[in-house]
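[1] whatever this is, show me its structure:
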Amino acid sequence: MVLQESGGETGNDAEAEEDDDEFDSDDFFDDDETHYEDLLSTLGSSVGPSYTPSRRVAGRKRPVFKSVGGAPVYGITPDEMNEVERICVQETGPDESQMIENAGRSAATLVIQALGGARRIKVGNHNAAPTVVVMAGNNKIGAYGLCTARHLANHEVNVVVCLVGGETDLSNAVSQQRKIFLPTGGQVVKHVHELPQVLDIIVDALLGSVQQILHLVEVDRVLTTELIEWCNEERANVLCLDIPSGINGFTGVPSSKLFVSPKWTLAFGLPKACLVNVMDKGELLLADIGIPKIVFQKLSVAIASGGRGKQPIRYVPPFGDKYIVGLTIPQ
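    The predicted model follows:
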């Protein structure tokens, strides 16, 4: 899927300084206390060839992606994205529910386009509706996935959600998204064997960069593992939300032998820096979820004053007249 993007940015802010912004390889993620070698040895796994990093996601200089229109798009860490969301919720808006809604609608728009748009989904279409499976975790990305499912179901797509986590254990955001998804007529199942045998697209909203398989309670870890295995055995194309599940959000390498291999990955607000090590296959896209420019400016000031030498972010809105744009990976 290639999204067409019109227009481009002009002026000094829209130009990344190639020498200064070149991705370094020293200690960008020194704050992450979880070493991926330890995670891999815990499960006795090895990194698959598709995800062997061509460079370490390290160094104080950030990876700079590029939008199709040429705007520099700086990669950030999961912790930095948490700070972005904190600023939004506590100071500027949008609030959490608005960001979830914007993310879910963007992902649903992308899925509808991938399904063929009006060729498959239109009023009076008597052909069988497409089927989409959403794998949703009990976390923020899972809430994004459930919101995606609701928007798809409202557009006459057959949607089946396999949701990780007991009903009484769900986070407030996930519980709310589940509640408002159910009236659409979509299904929520709890076991892999309940998933349809014929489907068009899988949406991976299991872990993103907010959770790792090793950190889940046993019953959730078992279901998550089964879902990733099922996903990798299916021939349907996969859209991953945030980052592929099973990939460490700090290092960009697998946390275990199980990880999702996507056709598309949809980032939100700004892409995770770790995606430089992930997107050797498939397309990377970025969705606008309504975060105002001043939030990234506040983050950049906080980074600059943090005393750790990390490169601040020069944020140039990359979206133009679009809500989703394609990104290229820094070489």
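
[2] in this structure, what helix or strand scores lowest on average pLDDT?
    Considering only helices and strands, the least confidently modelled element of the chain by mean pLDDT, DSSP states H and E is helix 36-43, at a mean of 29.

[3] so how far is the helix or strand immediately after that one in the chain from its chain's centroid?
    Next along the chain after helix 36-43, taking DSSP states H and E as the criterion, comes strand 64-67. Average the C-alpha atoms of strand 64-67, do the same for its chain, and the two points are 16 Å apart (Cα atoms, centre = their mean, to the nearest Å).

[4] ok, stretch 288-301 next?
    Distance of stretch 288-301 from the chain centroid (Cα atoms, centre = their mean) equals 18 Å.

[5] mean confidence score for that stretch?
    Stretch 288-301 shows a mean pLDDT of 96.

[6] buried set for that stretch?
    Buried residues in stretch 288-301, defined by neighbour count with 16 or more other Cβ atoms under 10 Å: 288-291, 295-296, 298-300. All C-beta spots, glycine's among them, are computed from the backbone N, C-alpha and C.

[7] ok, now stretch 320-331?
    Under the neighbour-count rule (16+ other Cβ under 10 Å), stretch 320-331 has 320, 322-327, 329-330 buried.

[8] now do stretch 183-197
    Within stretch 183-197, the residues that qualify as buried are 184, 186-188, 195, counting by 16+ other Cβ under 10 Å.

[9] so which of these sit within strands?
    Within the buried residues of stretch 183-197, residues falling in strands by DSSP state E are 187-188.

[10] name the nearest of the buried residues of stretch 183-197 relative to Thr265.
    Using Cβ to Cβ, Leu195 is the member of those that lies nearest Thr265, at 21.7 Å.

[11] contacts only, for the residue lying closest to that closest one once chain neighbours are set aside.
    Excluding the flanking residues, the one nearest Leu195 by Cβ to Cβ, 6 or more residues apart in numbering is Val133, at 5.7 Å. Taking Cβ atoms under 8 Å, 6 or more residues apart in numbering, we find Val133 in contact with 159-162, 195-196, 199, 201-203, 236.

[12] got it, and Leu270?
    With contact taken as Cβ under 8 Å, 6+ apart, Leu270 is in contact with 73-76, 81, 84, 286, 296, 313, 315.

[13] for Leu275, give its distance to Glu167.
    33 Å (Cβ to Cβ, to the nearest Å).

[14] of the two, who's got more company?
    Leu275 (24 against 10; other Cβ atoms under 10 Å).

[15] so is the more buried one in a helix, a strand, or just coil?
    Under the three-state scheme (DSSP: H, G, I helix; E, B strand; the rest coil), Leu275 adopts helix.

[16] per-residue pLDDT of it, please?
    Looking at Leu275, its pLDDT stands at 94.

[17] and what of the one 10 residues further on?
    Looking at Leu285, its pLDDT is 98.

[18] thought it was touching Ala267?
    Yes. In this structure, Leu285 is within contact of Ala267 by Cβ atoms under 8 Å, at 7.0 Å.

[19] next one: the residue nearest to Ile213 when sequence neighbours are not counted from Ala118, what distance?
    Leaving aside its sequence neighbours, Ile213 sits nearest to Ser256 (Cβ to Cβ, 6+ apart; 5.4 Å). Separation of Ser256 from Ala118 (Cβ to Cβ) stands at 40 Å.

[20] out of these two, which sits in the busier spot?
    Comparing Ser256 with Ala118 by other Cβ under 10 Å, the one with more neighbours is Ser256, at 20 against 9.

[21] surely the more buried one is within a helix?
    No. Under three-state DSSP, Ser256 falls outside any helix and is assigned coil.

[22] just say helix, strand or coil for the residue nearest to Leu195.
    When the rule is three-state DSSP, Val133 gets the label strand.

[23] got the confidence number for it?
    Residue-level confidence at Val133 comes out at 99, pLDDT.

[24] begin at 32 from here
    Right, with 32 as the first residue, what we last looked at is Val164.

[25] bridge partners for it, pull those for me.
    Beta bridges link Val164 to Val191, Ile233, judged by DSSP bridges.

[26] relative to Glu187, how far out is it?
    Distance from Val164 to Glu187, by Cβ to Cβ: 16 Å.

[27] ok so, going back, and the residue nearest to Ile244, how far is that from Ala204?
    Applying Cβ to Cβ, the value for Ser287 to Ala204 is 26 Å.
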